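Trainee: Sharing a sequence plus its predicted fold:
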Amino acid sequence: MDLELYKAARKGDVLFFNNITHEGDELKEYLCSRTHQGNNIIHIAARLGHELFVNKALDKCSLLLHQENSNGDTPLHVAARAGHVDLVNFLTETTPGGRSLEEGGAVEPPPLWRMENREKNTALHEALRNDSKEVALFLLDLDPELASSINGAGESPLYLAAEARLHSVLCKIVNQNSFSVAGPFGRNPLHAAVFTKRLASTRVLIDSKPELIKHADSYGKTALHYAAEANSIRIIRMLLRKDKTCAYVQDPDGNSPLHVAASSIRRRAVQVIIKYCPDTTELLNNKGRNALHLAVRKNLQRNVKSFLKLPEMRELINEQDDEGNTPLHIATTFHHYVMVRNLINTGYVDLRAKNKKGLTALDICESQWKLSHRQIYLWRYLRRHKASRAGDFSQSSRKLGDTFTHPKADLKQVANTLSVVAALLATVTFAAAYTMPGGYNNSGANVGAASLANKAALKAFVLSDTYALCCSMTAVFVLTSAMVGDPTFLVGAVFLSKALLLHALYGAMAAFQIGLFVVLSPDSLWLAIVVCIMASSVPFLHYYFRHISVIATPYSVGLQRSDTKITKEQEENVIEILEE
């Protein structure tokens, strides 16, 4: 394409035509020249909305009207995509010969508005994909049969209108005599309305086409499945009031909308579904699991606590899946400490229940021993609530022994690490004992004695340092003896040494803050107090992080549209990471 012609098309410069010297076929060839993407001057001008330029160009060469670019787009496709409704109106009134439809009779080739590009999109599809409401309404008035066209992606205009949240266009289409409800992946416009959470569009669709409610897509999911996943409470109510049977539709994995809601952070969705269809709690997926199984598997603590307040859900607390696992078995398998605690605190859990492998929850906990804080706490909690093992005592004892001796190499590695820490602590505390705060007397009767020996704070320093030294040295002796002795003793040595080192660290921390208090308080009491407060926070931080390692919950959320605003209702459903 000539550079000057290209610039004129972009600017909409109609005076440019007065300067063209070409005539006849040479003029047509000049005006029909294209860019590398196959765009002619009408494509370029239509994209920018230069109606007057387009009119002048078509007067010079009507062949431009039906020319397609490399994507198969006509100028009408481009104008519709850009949302220039006046230009769309002008193009649809123009025939290849430059005459109006009223004057021209039959049109060859077919009308522009029915022509498809390489993606099988008509101008109506392009308008809807680009939120051009005025263009879409105009084209539907022009040719109502466009509502039945389907593009290459399997999208009907009604689906695109629902997806684009163009409610007025959607209402106009459903009032047509015929229209398509096709969507990609076997979906229908109701799926799209649920995705966008448009209540008005959802209501119009279920009133005009109630059969869409139970229609599943290629993944076997109905609109209610997606509404439950998105926690669209008002839409869930609307669907269930119209047709309660949609709550019983299961996808290829056997998951009903209740399963979907229970396995995501959708607490209120579960409550609404159970309110309208309480017997949906009896539905099982292909693994024989009910909604409570899935909620426990996902470790959704607030969901489960809320579920267990419902009588229908409490009845499921001891139900077994195809492998014989109850929710307690599942929570124990994945070391969900808080989940186990919530289940047991209901008072309805059968702690003696065995799965098809003959294992109770306590058996599972002991058979997966990893010496983690979470598992230790979990094991203690189960034992404290009288959880039983399966089989006889001798078999259980043997299993427990095998479990402890299995990670023998790991225990030695832990013991080595602890012994290094203990030795370092012993060295530090030993050195601190001979570096007294305030120094020593250099003269007088008490030469060499601690200058602050009569101070109560110094006495506390000495006691704290001695306590830390004794604990760390004891840990060194215990670990050294255990690493060359019976492996069974090594287990006890590791647990004992961990406790001793914890006390040694606390003692060293106390000695540190007391020592600084002794030397700082005479001249700067406020600084001494601040140091003590900061040092005293260490035990609490240690407890806090250890507590997190035990009860931390994996955070998981359902797929959300990136442009969807977070509502107050959604904020209420965020999982509590820490829960007492």
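Mentor: Sure, I can see it.
Trainee: Check the burial of residue 141 by counting its neighbours.
Mentor: By the measure other C-beta atoms under 10 Å, the count of residues near residue 141 is 9. Where C-beta positions appear, they are placed from N, C-alpha and C, glycine not excepted.
Trainee: Tell me how far the strand or helix carrying it lies from the chain's centre.
Mentor: When elements are defined using DSSP states H and E, residue 141 is found to belong to helix 133-142. Between the mean C-alpha point of helix 133-142 and the mean C-alpha point of its chain there is a distance of 38 Å (C-alpha atoms, centre = their mean, to the nearest Å).
Trainee: Return the set of buried residues in that helix.
Mentor: Residues of helix 133-142 classed as buried: 133-140, 142 (neighbour count, 16 or more other C-beta atoms under 10 Å).
Trainee: Would you check how far apart residue 386 and residue 495 are?
Mentor: Plainly put, residue 386 is 23 Å away from residue 495 if you go by C-beta to C-beta, to the nearest Å.
Trainee: follow-up on the earlier one: between the buried residues of helix 133-142, which is closest to residue 53?
Mentor: Residue 53 has its nearest neighbour among these in residue 135, at 19.2 Å by C-beta to C-beta.
Trainee: coming back round to it: who are the packing partners of the helix holding residue 141?
Mentor: Helices and strands in packing contact with helix 133-142 are listed as helix 75-82, helix 85-92, helix 123-129, helix 157-163, helix 167-174; criterion 3 or more C-beta pairs under 8 Å, 6 or more residues apart in numbering; DSSP states H and E.
Trainee: and the angle for the last one with helix 133-142?
Mentor: So that's helix 167-174. If you take axes from the mean of the first three to the mean of the last three C-alpha atoms, to 10 degrees, helix 167-174 sits at 20 degrees to helix 133-142.
Trainee: what comes into contact with the helix or strand following helix 167-174?
Mentor: Sequence-wise, the next helix or strand downstream of helix 167-174 (DSSP H and E) is helix 189-195. Taking contacts as C-beta atoms under 8 Å, 6 or more residues apart in numbering, the residues outside helix 189-195 that touch it are 156, 158-159, 161-163, 170, 181, 183, 201-202, 205-206, 209, 212-213, 215, 217, 223, 226-227, 230, 232, 235, 561.
Trainee: about what we covered before: kindly reformat the buried residues of helix 133-142 as a markdown table and extend each row with distance to residue 285 and pLDDT.
Mentor: Rendered in a markdown table, the data for these read as follows (distance: C-beta to C-beta, whole Å; pLDDT from 0 to 100):
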| residue | distance to residue 285 | pLDDT |
| --- | --- | --- |
| 133 | 42 | 93 |
| 134 | 47 | 95 |
| 135 | 45 | 95 |
| 136 | 41 | 95 |
| 137 | 44 | 95 |
| 138 | 48 | 95 |
| 139 | 45 | 95 |
| 140 | 43 | 95 |
| 142 | 49 | 92 |
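Trainee: export those to TSV and tack on distance to residue 249?
Mentor: As requested, the buried residues of helix 133-142 are exported to TSV (distance: C-beta to C-beta, whole Å):
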residue	distance to residue 249
133	33
134	38
135	37
136	32
137	35
138	39
139	36
140	32
142	39
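Trainee: Got phi/psi on residue 496?
Mentor: Residue 496 has phi and psi values of phi -70, psi -40 when expressed as degrees, to the nearest 10.
Trainee: Could you find the closest non-adjacent residue to it?
Mentor: Closest residue to residue 496 apart from its sequence neighbours, by C-beta to C-beta, 6 or more residues apart in numbering: residue 478 at 5.9 Å.
Trainee: Measure how buried the nearest residue to residue 28 once chain neighbours are set aside is and give me the count.
Mentor: In this structure, residue 28 finds its nearest non-sequential neighbour in residue 61, 5.1 Å apart by C-beta to C-beta, 6+ apart. For residue 61, the count of nearby residues is 19 (other C-beta under 10 Å).
Trainee: try the one 5 residues further on
Mentor: Counted with other C-beta under 10 Å, residues neighbouring residue 66 total 17.
Trainee: for the one 10 residues further on, same thing?
Mentor: Using other C-beta under 10 Å as the criterion, residue 76 is surrounded by 27 other residues.
Trainee: dump the residue contacts of it.
Mentor: The neighbours of residue 76, taking C-beta under 8 Å, 6+ apart as the test, are 46, 88, 91-92, 112-113, 115, 123.
Trainee: Read off the pLDDT value for the closest residue to it other than its chain neighbours.
Mentor: For residue 76, the nearest residue in space outside its immediate sequence neighbours is residue 112; the separation is 4.2 Å by C-beta to C-beta, 6+ apart. At residue 112, the pLDDT value in this model is 88.
Trainee: Now do the same contact list for residue 112.
Mentor: Applying C-beta under 8 Å, 6+ apart, we find residue 112 in contact with 65-66, 74-76, 91-92, 123.
Trainee: Which one (most neighbours) among those residues?
Mentor: For the contacts of residue 112, neighbours were counted by other C-beta under 10 Å; the highest total belongs to residue 123, with 34 neighbours.
Trainee: Wait, that one touches residue 88, no?
Mentor: Yes: applying C-beta atoms under 8 Å, one finds residue 123 in contact with residue 88, separated by 7.1 Å.
Trainee: which neighbours do the two share?
Mentor: Taking C-beta under 8 Å, 6+ apart as the contact rule, the neighbours common to residue 123 and residue 88 are 76, 79-80, 135, 139.
Trainee: Between those residues, which sits nearest residue 532?
Mentor: Top of the list for closeness to residue 532, among the shared contacts of residue 123 and residue 88 and by C-beta to C-beta, is residue 135 at 73.3 Å.
Trainee: Spatially nearest residue to the closest one, not counting backbone neighbours?
Mentor: Ranked by C-beta to C-beta, 6+ apart and with sequence neighbours excluded, the top spatial neighbour of residue 135 is residue 127, at 4.0 Å.
Trainee: what's near enough to touch that neighbour?
Mentor: Counting by C-beta under 8 Å, 6+ apart, residue 127 touches 80-81, 83, 88, 135-136, 139.
Trainee: Could you check which helix or strand contains residue 33?
Mentor: Assigned by DSSP H and E, residue 33 belongs to no helix or strand.
Trainee: That'll do, ta.
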